[in-house]
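Asks: below are the sequence and a predicted model; questions follow.
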Amino acid sequence: MTDNVSEVRSRVYGMDSHEDRLVAVEEIHARPYPRVEAPSTLTQLAFMNEGNLEKDRVTLAEISRRLGAENPDQETPHHGLTWNQGGLHCEKHTEFSTYLWSTPIDAKTGELKGQDPFKMGFAAPGPVVCGIRLDVLPWSEENAKLIENFNPISRCHSLVEEGMADIVTDFQQDQDGLTRMLILDHGLSSSRLGALAQRLLEIETYRTLSLLGIPMSREITPRLRSMEKRLSTVTAEIRLSARSKSEELLSELTDLAAELEAETAASLYRFGASKAYYEIVEERLTALGETFVPGCYRWRNFLHRRIAPAMRACRSVEERQANLSDKLARTTSLLRSWIDVQLERQNGDLLASMNDRARLQLRLQQTVEGLSVAAISYYVIGLFAYFIKGIPGLYSIITPELAITAFVPVIVITVWWTVRRIQQSHSEHSRDH
């Protein structure tokens with residue numbers, strides 16, 4: 001049956017659909033808003049698991065076993081567990097996962113009616129990065145008095161959903177380390193109330209995640225300042241002694257560039273994630289459509305005044321890293337220009353030395369050439385003498401010594417001409433190649 005449904009969904013009007021169409025179509029339904037009824041409490045914890053989904057599988061399997069609930073399908077990033085007087089919803093993200101527990105609350109006593117799964121030996125999939133408790137109560141004069149429990153120094157109170165709900169928080173941590181929030185419902189439907197609750201939970205979660213880049217920016221800033229000073233020192237050295245210390249300065253620049261690249265690579269993801277999380281916070285705050293309540297901050301104004309400077313600090317570090325990288329590249333290019341000039345000078349000196357050696361070699365060759373002509377002529381004349389003296393009857397015509405003497409110039413000229421022809425042949429062969 002499942003195969004038949006899958007086959008039908010993979011076709012459109014009886015025709016084959018694009019292989020990724022189903023993913024695109026179902027994406028808008030992947031994160032449905034929870035349906036929330038007042039009075040109830042929503043407790044959400046966000047865990048940093050660095051994308052290790054196996055940790056979430058273990059956590060969900062253990063909580064399902066303990067509560068006697070059916071273990072959900074863990075092939076999707078969203079899971080839900082329900083049991084008597086409560087429900088747990090897990091959502092997996094790139095580097096973290098959230099666990100949202102919702103349960104009815106006693107409107108008179110404020111006691112939770114369901115068992116808190118986070119206090120029943122919950123196997124956390126990672127360290128907690130954010131914890132929130134959101135109470136959803138119907139508006140009444142008595143419940144409105146709960147607003148006074150929030151710190152007036154940082155209390156944020158706005159009307160949203162066209163005046164149909166009050167949202168209140170002070171972004172303070174309670175004794176359990178949870179950020180307390182309150183919704184006073186003036187008659188919203190369960191779906192709209194769920195959407196509002198989800199929006200508030202996401203604002204606090206992504207607000208916390210966006211600020212994780214602050215510790216890293218504070219750690220990087222002094223090291224970045226040190227690298228900038230080192231670059232300034234190297235640049236001054238290049239101006240004064242680039243010719244004599246070029247290799248030493250180039251080694252220093254190379255080490256500095258490697259250190260900067262390692263620092264930039266380590267912070268690239270964190271700063272990029274902080275920026276993306278902050279944009280989500282801005283979108284959720286805009287979607288609230290807050291109406292000002294006299295004497296209190298609006299959520300958007302309060303968070304913007306405190307998060308925006310932190311985000312600017314992260315961007316400032318990123319920009320300083322980029323600027324320092326550009327300066328390093330320009331300085332290295334300048335030093336390499338000095339090194340190239342030195343190499344050209346060395347090559348010129350080397351070529352001049354080679355020319356001198358070639359001239360000396362030519363002179364030596366000419367000297368050797370004269371000696372070789374004399375030596376060859378000597379041996380040829382010796383052979384010729386043996387040949388003349390061995391001819392019978394020659395003494396009756398001419399004395400051998402006179403014949404040898406007469407042929408000496410001829411032999412010398414012939415040997416010299418032959419040697420020259422061989423040298424010219426070798427020179428022509430070298431030019432051709």
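Replies: Arrived safely, thanks for sending. Numbering: from 1, shown residues only.
Asks: name the helix or strand for Lys55, please.
Replies: For Lys55, the host element (DSSP states H and E) is helix 53-67.
Asks: alpha carbons of that helix, in PDB - could you do that?
Replies: C-alpha atoms of helix 53-67 as PDB (Å, rounded to 0.1, in the frame of the first residue of the first chain):
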ATOM      1  CA  LEU A  53      21.900  12.700  14.500                       C
ATOM      2  CA  GLU A  54      22.700   9.500  16.200                       C
ATOM      3  CA  LYS A  55      22.600  11.300  19.500                       C
ATOM      4  CA  ASP A  56      19.000  12.300  18.900                       C
ATOM      5  CA  ARG A  57      18.100   8.800  17.800                       C
ATOM      6  CA  VAL A  58      19.400   7.400  21.200                       C
ATOM      7  CA  THR A  59      17.600  10.200  23.100                       C
ATOM      8  CA  LEU A  60      14.200   9.600  21.400                       C
ATOM      9  CA  ALA A  61      14.500   5.800  21.700                       C
ATOM     10  CA  GLU A  62      15.200   6.100  25.400                       C
ATOM     11  CA  ILE A  63      12.400   8.600  26.100                       C
ATOM     12  CA  SER A  64       9.900   6.500  24.100                       C
ATOM     13  CA  ARG A  65      10.900   3.400  26.100                       C
ATOM     14  CA  ARG A  66      10.600   5.200  29.400                       C
ATOM     15  CA  LEU A  67       7.200   6.700  28.700                       C
END
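Asks: same for that helix, what does it pack against?
Replies: Judged by 3 or more Cβ pairs under 8 Å, 6 or more residues apart in numbering; DSSP states H and E, the packing partners of helix 53-67 are strand 78-83, strand 86-92. C-beta coordinates here come from the backbone N, C-alpha and C atoms, glycine included.
Asks: in the longest one, what counts as buried?
Replies: Same thing as strand 86-92. For strand 86-92, the neighbour count (16 or more other Cβ atoms under 10 Å) marks Gly86, Gly87, Leu88, His89, Cys90, Glu91, Lys92 as buried.
Asks: partners of whichever helix or strand comes after that strand in the sheet?
Replies: Later in the chain than strand 86-92, the nearest helix or strand by DSSP H and E is strand 96-104. Partners of strand 96-104 in the sheet, by DSSP bridges, are strand 40-48 (antiparallel), strand 86-92 (antiparallel).
Asks: compare those strands and give me the one nearest Glu228.
Replies: strand 40-48 (31.9 Å; Cβ to Cβ).
Asks: report the angle between the closest one and helix 53-67.
Replies: 140 degrees (axes from the mean of the first three to the mean of the last three Cα atoms, to 10 degrees).
Asks: can I assume Glu95 is in contact with Gly51?
Replies: Yes - the criterion here is Cβ atoms under 8 Å, and Glu95 meets it with Gly51 at 5.7 Å.
Asks: hang on, the earlier thing: pipe the buried residues of strand 86-92 into TSV and attach distance to Ser251 and pLDDT per row.
Replies: Formatted as TSV, the buried residues of strand 86-92 follow (distance: Cβ to Cβ, whole Å; pLDDT from 0 to 100):
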residue	distance to Ser251	pLDDT
Gly86	64	72
Gly87	63	79
Leu88	58	82
His89	57	85
Cys90	52	83
Glu91	50	84
Lys92	47	82
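Asks: next, give me the two most distant ones among these.
Replies: Going by Cβ to Cβ, the pair spanning the buried residues of strand 86-92 furthest: Gly86 and Lys92, at 20.6 Å.
Asks: ok so, going back, what's the closest of the strands paired with strand 96-104 to Leu328?
Replies: Per Cβ to Cβ, nearest to Leu328 of the strands paired with strand 96-104: strand 40-48, 33.3 Å.
Asks: and the pLDDT at Leu207?
Replies: One correction, residue 207 is Arg, not Leu. Looking at Arg207, its pLDDT is 94.
Asks: element containing it, please.
Replies: helix 190-210.
Asks: mind showing which ranges of the stretch 51-200 of the chain have poor pLDDT?
Replies: Within the stretch 51-200 of the chain, the ranges that satisfy pLDDT under 70 run 68-85, 110.
Asks: from the chain's centroid, how far away is the strand or helix carrying Gln361?
Replies: Element membership for Gln361 (DSSP H and E) is helix 299-389. Averaged C-alpha coordinates place helix 299-389 at 35 Å from its chain's average position (Cα atoms, centre = their mean, to the nearest Å).
Asks: stretch 119-136 now?
Replies: Distance of stretch 119-136 from the chain centroid (Cα atoms, centre = their mean) equals 31 Å.
Asks: and the angle for the host helix or strand of Trp416 with helix 299-389?
Replies: Per DSSP H and E, Trp416 falls inside helix 400-432. Computed by the same axes, to 10 degrees, the angle separating helix 400-432 from helix 299-389 equals 160 degrees.
Asks: what about Val415, neighbour count?
Replies: By other Cβ atoms under 10 Å, the residues close to Val415 number 20.
Asks: would you agree it is in contact with Ala375?
Replies: No - in this structure, Val415 is not within contact of Ala375 by Cβ under 8 Å, at 9.4 Å.
Asks: dump the residue contacts of Ser102.
Replies: Pro34, Val36, Ser40, Thr41, Leu42, Thr43, Gly86, Gly87, His89 (Cβ atoms under 8 Å, 6 or more residues apart in numbering).
Asks: what residues are bridge-paired with it?
Replies: When bridges are called by DSSP bridges, Ser102 pairs up with Leu42, Gly87.
Asks: against Thr264, how distant is it?
Replies: Using Cβ to Cβ, to the nearest Å, we find Ser102 at a distance of 42 Å from Thr264.
Asks: same deal with Ser226?
Replies: To Thr264, Ser226 is 15 Å away according to Cβ to Cβ.
Asks: and what of Ala273?
Replies: For Ala273, the distance to Thr264 - Cβ to Cβ - is 15 Å.
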